[in-house]
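> no sequence on hand, only this structure:
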Ligand code: AAT
């Protein structure tokens, strides 16, 4: 159990903390990369925690996983080859698999322990691995992308942890350059981009790097995720040069995709209206991000 001082000491959000009541610790262990904890909470179902930071809960995972996936895949006409960076829980795989046009889904997750633990405690997310289009690569995504053929992917979804620990390099320019290289012309990147309440500097840095690298346009979007610090999470949507991408109006609306509307695979959070709304920014955010 952390002391009060430790509790308020996370460098990503110093001076604040969010509490969930623990009913039962289900798993506690350590991989070569991070500490892994799963507990049953009173009100959010099972919770996955890496290095003391909540990554997902049964109750609100839908908001994050659906948005990070469909903001990208619904913005291009017919996504075929898709890569997930991180996302070892399988939730983003589950979302990508709803797109009938998709032919291959690669995933590169660094930590086998995250995958194993999610198999045992998050069956509603792990189900993503059962799709025959999925190919799992366990390793560092930085290395994976360096070796990836040029122009392979229609979309890359970066579902990785905060930039402390194994995800540090995933917010740096060389990483974004390898992503752009791995995308087809007109291909898109959806990248986790922290909280507008807490991390405007980090978002500004990522925006200016991405504007240099992705010439087809860069946009910031956000959604409510109650168990993430400050209750919101942002996304950076970027397009490589090529056929223009209008992220603000989904050209491939989810409501028309058969695989996303049948057999209990319906959306819990995402729809075309929330897609458009996600790009509307509060005044202070517009002002702070304008120059970047
Ligand atoms: N869908 C759950 C949300 C996550 S999990 C992030 C995943 O990224 C973890 O499983 C972690 O092991 C993996 N990861 C971190 N670094 C790398 C890397 N270099 N290569 C491949 N995978 C990596 C994110 C929640 C964000 C929380 C916001 N506060």
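Received the coordinates, thanks. All of these numbers come straight from a predicted model, not from anything done at the bench.

> hey, let's count contacts and neighbours off CA atoms from now on
Will do.

> and the end-to-end length of stretch 245-256?
Using C-alpha to C-alpha, to the nearest Å, one end of stretch 245-256 lies 19 Å from the other.

> buried ones in that stretch, by neighbour count?
Within stretch 245-256, the residues scored as buried using 16 or more other C-alpha atoms under 10 Å are 245, 247, 248, 249, 250, 251, 252, 253, 254.

> likewise stretch 254-264?
Neighbour-count burial for stretch 254-264, counted by 16+ other C-alpha under 10 Å, picks out 254, 259, 260.

> now these as JSON lines including pLDDT, distance to residue 68 and secondary structure?
Formatted as JSON lines, the buried residues of stretch 254-264 follow (pLDDT from 0 to 100; distance: C-alpha to C-alpha, whole Å; DSSP: H, G, I helix; E, B strand; the rest coil):
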{"residue": "254", "pLDDT": "97", "distance to residue 68": "14", "secondary structure": "helix"}
{"residue": "259", "pLDDT": "91", "distance to residue 68": "18", "secondary structure": "helix"}
{"residue": "260", "pLDDT": "94", "distance to residue 68": "15", "secondary structure": "helix"}
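
> what's the closest of these to the ligand?
Nearest to the ligand among the buried residues of stretch 254-264, counting by C-alpha to the nearest ligand atom, is residue 260 at 18.9 Å.

> check contacts around residue 126.
For residue 126, the contacting residues are 89, 90, 91, 94, 118, 119, by C-alpha atoms under 8 Å, 6 or more residues apart in numbering.

> run a quick neighbour tally on the nearest residue to the third one once chain neighbours are set aside.
Spelled out, it's residue 91. Excluding the flanking residues, the one nearest residue 91 by C-alpha to C-alpha, 6 or more residues apart in numbering is residue 125, at 4.4 Å. Using other C-alpha atoms under 10 Å, residue 125 has 23 neighbouring residues.

> does the helix or strand hosting residue 125 come close to the ligand?
Here residue 125, judged by DSSP states H and E, is contained in helix 123-126. No. Counting by C-alpha under 6 Å from any ligand atom, the ligand has no neighbours in helix 123-126; the shortest distance is 8.8 Å.
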